[in-house]
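Undergrad: Structure here, sequence nowhere to be found:
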């Protein structure tokens, strides 16, 4: 079983010192950005469940046939299915793993864990948050009052129960999580990587601060002047960011706040296909929708204009009275 | 005489759950019946109920007919008071701002422990379930209401795996585990309303739903139930409660 390994502080700082944190333009292609992810790396995913999933990046990482990734996300959905089903990840660290509450259990996850040697490492949702936050703070752990008395803690010997040195109360220390690379999708950023997130930010700020590299996809790239007109909306500073790719509909078929809701027709068809046969159904899905398309635009065309427009109308309606 | 309105198991689950909430409370709600019941309470007797979702929403006001498919979708945030990061909204429970946590589960035992992780041996599971999400956090940090379907395979003497702790092994074992506040105080099913013995931490029947017998509840439960001395009969869902519920969930997303 893979154990959480906390990076020694010197190593964390040495990695940081080697990063080019200068103010420079980082705009690149999806292919080049995804190649930051190499076999065996720890990869953190932004967003949560079906929201602001960095799907285009995940899609491209799968196309590049990466192997043995250890992927973490606060709550993982069909992106986890695709990573297990394609053999890209053999280890997923999360609090909840299914396609969505509407569809019950993920047969792809179940097949992976029950029959195919895949590892789904479970932490509570808050514990995931505290692990990224510790990583982002440059400390090796944070104390929490969750998971105590549960079998989730019993399965995670790397979380340590202690008696508080101040009060004597029992606390659970959860280890810092510093992914090698974080993949995050945002509504807009500038060419330097100053990223503005609308609506629910989930754990993306802690994740970005914790990771040793951050790759952003964005619905649109805006000027630095535009960022400076609303600096309170900037959630991730440019010096955290190593690459920027403009990918409209980069979370499809999941949602991006204010832009589009989940493309539920596509999701329904996907779930029916892979839950009917988690091996062959998944293989057929990957061939048609991941390996087959020439580009992300080509993928969106397969999802279909009607579905994309419908999701967009619903997405924008959040700004309607 | 007017016929009593008919309803599904999920509908009475939502209505009875909503009745447990009091106006002015701060409630942390999971997806499914909890979200629906909290929203229903807000439209009935709790206009100033503050609803929190783990996606980071404070003060949700979900639109009828636009139920979100998870508590992390933009629909949860529309017309809310505030959006926070997910860790920060969960930390509000740790600090003690939340009166009631409201969740579901796959399996529950006599001490109110919930399992949503494994059926069978966790090292070689028969079924790997989706996991805790925020469930463990809610159960560890607040007083919780559990809404769950009443089936023998779900109501077991001892859960295969404690994902979200109730009274752990009964007695003082919850506080001895380090969980100093909170605990499960109500379980709502289509058959009845359940509480827990103050000393024993064991589940007991507080009320039977209309038309449900003691035998029926016991037959659908995998451990011996105690019945409260003042055993009550639940008032059936009113036409107004059901109409409001069906207005909120016209597509029967969570009430089918």
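TA: Everything's here; your move. What you are looking at is a predicted structure, and each value in this text was computed from that prediction instead of being measured.

Undergrad: any idea whether the residue lying closest to residue B:169 once chain neighbours are set aside is helix, strand or coil?
TA: Once flanking residues are discounted, residue B:169 sits nearest to residue B:111: 6.5 Å by C-beta to C-beta, 6 or more residues apart in numbering or on different chains. No exception for glycine: its C-beta is placed from N, CA and C like everyone else's. Put simply, residue B:111 is coil when judged by DSSP: H, G, I helix; E, B strand; the rest coil.

Undergrad: can you check residue B:75 too?
TA: Per three-state DSSP, residue B:75 ends up helix.

Undergrad: got the residues of the stretch 101-250 of chain B near chain A?
TA: B:117, B:122, B:125-137, B:140-141, B:161-165, B:168, B:173-174, B:177-180 (C-beta under 8 Å from any C-beta of the partner chain).

Undergrad: Buried among these? Make that a PyMOL selection.
TA: Buried subset of those, written as a PyMOL selection, criterion 16 or more other C-beta atoms under 10 Å in any protein chain shown:
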select buried, chain B and resi 117+122+125+128+129+130+131+132+133+134+135+136+137+140+141+161+162+163+164+165+168+174+177+178+179
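
Undergrad: What about the residues of the stretch 101-250 of chain B next to chain A, which are in helices?
TA: Among these, DSSP state H puts B:135, B:136, B:137, B:140, B:141, B:173, B:174 in helices.

Undergrad: Please report how far the last one lies from residue B:205.
TA: The one in question is residue B:174. Using C-beta to C-beta, to the nearest Å, we find residue B:174 at a distance of 21 Å from residue B:205.

Undergrad: The residue lying closest to residue A:259 once chain neighbours are set aside - how many residues pack around it?
TA: Leaving out its chain neighbours, the residue that sits closest to residue A:259 by C-beta to C-beta, 6+ apart is residue A:315, at 4.8 Å. Other residues within reach of residue A:315 by the criterion other C-beta atoms under 10 Å in any protein chain shown amount to 18.

Undergrad: quick one: secondary structure of residue A:315?
TA: Note that with three-state DSSP, the state of residue A:315 is helix.

Undergrad: Tell me who's in contact with it.
TA: A:255, A:256, A:257, A:258, A:259, A:260, A:261, B:74 (C-beta atoms under 8 Å, 6 or more residues apart in numbering or on different chains).

Undergrad: who's in contact with the last one?
TA: If I follow you right, that is residue B:74. Applying C-beta under 8 Å, 6+ apart to residue B:74 gives the contacts A:51, A:199, A:200, A:255, A:257, A:258, A:261, A:315, A:318, B:68.

Undergrad: could you redo the last one with a cut-off of 6 Å?
TA: Residues in contact with residue B:74 (C-beta atoms under 6 Å, 6 or more residues apart in numbering or on different chains) are A:199, A:257, A:318.

Undergrad: Save these as a markdown table, and put in distance to chain B and secondary structure too.
TA: Shown next, in a markdown table, are those (distance: C-beta to the nearest C-beta, whole Å; DSSP: H, G, I helix; E, B strand; the rest coil):
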| residue | distance to chain B | secondary structure |
| --- | --- | --- |
| A:199 | 5 | coil |
| A:257 | 5 | coil |
| A:318 | 5 | helix |
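
Undergrad: Give the buried residues for the helix or strand residue A:218 falls within.
TA: Here residue A:218 sits within strand A:214-221, counting by DSSP states H and E. Across strand A:214-221, burial judged by 16+ other C-beta under 10 Å covers A:214, A:215, A:216, A:217, A:218, A:219, A:221.

Undergrad: Would you point out the most distant pair within those residues?
TA: Put simply, by C-beta to C-beta the two of these set farthest apart are A:214 and A:219, 17.0 Å from each other.

Undergrad: Give me every residue in chain A lying close to chain B.
TA: With C-beta under 6 Å from any C-beta of the partner chain as the criterion, chain A meets chain B at residues A:48-49, A:51, A:74, A:95-98, A:100-102, A:110, A:113-114, A:122, A:124-126, A:129, A:145-151, A:170, A:199-203, A:257, A:318.

Undergrad: Which strand residues bridge whichever residue of the stretch 151-300 of chain A sits closest to chain B?
TA: Using C-beta to the nearest C-beta, the closest approach of the stretch 151-300 of chain A to chain B is made by residue A:170 at 2.9 Å. Beta-bridge pairing for residue A:170 (DSSP bridges): residue A:163.

Undergrad: So it sits against residue B:178, correct?
TA: Yes - the criterion here is C-beta atoms under 6 Å, and residue A:170 meets it with residue B:178 at 2.9 Å.

Undergrad: To what extent is residue 200 buried, counted in neighbours?
TA: Picked chain A for this. When neighbours are counted by other C-beta under 10 Å, residue A:200 registers 27.

Undergrad: actually chain B
TA: That count, for residue B:200 with other C-beta under 10 Å as the rule, works out to 14.

Undergrad: okay, which residue is most central for chain A?
TA: By C-alpha atoms, centre = their mean, chain A has its centre lying nearest to residue A:45, at 1.5 Å.

Undergrad: Nearest spatial neighbour of that residue, chain-adjacent residues omitted?
TA: Spatial nearest neighbour of residue A:45, excluding adjacent residues (C-beta to C-beta, 6+ apart): residue A:73 at 4.0 Å.

Undergrad: what are the phi and psi values for the one you found?
TA: The phi/psi pair for residue A:73 (degrees, to the nearest 10) reads phi -160, psi 150.

Undergrad: Let me know whether it touches residue A:94 as I believe.
TA: Yes - the pair residue A:73 / residue A:94 is scored as a contact, 5.3 Å apart, by C-beta under 6 Å.

Undergrad: Where does the prediction get shaky in the stretch 101-250 of chain B?
TA: Along the stretch 101-250 of chain B, no part satisfies pLDDT under 70.

Undergrad: again, only using 90
TA: B:104-106 (pLDDT under 90).

Undergrad: Which stretches in it count as strands?
TA: For the stretch 101-250 of chain B, strands defined by DSSP state E, counting those that start in this stretch occupy the ranges B:107-109, B:114-115, B:118-119, B:127-128, B:143-147, B:155-156, B:183-188, B:192-196, B:203-208, B:226-233.

Undergrad: TSV for those strands, including distance to residue B:44?
TA: As requested, these are exported to TSV (distance: least, C-beta to C-beta, whole Å):
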stretch	distance to residue B:44
strand B:107-109	26
strand B:114-115	27
strand B:118-119	36
strand B:127-128	37
strand B:143-147	16
strand B:155-156	28
strand B:183-188	16
strand B:192-196	17
strand B:203-208	19
strand B:226-233	20
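
Undergrad: ranking those by burial, who's on top?
TA: Highest mean neighbour count of the strands of the stretch 101-250 of chain B: strand B:114-115, a mean of 27 (counted as mean count of other C-beta atoms under 10 Å in any protein chain shown).
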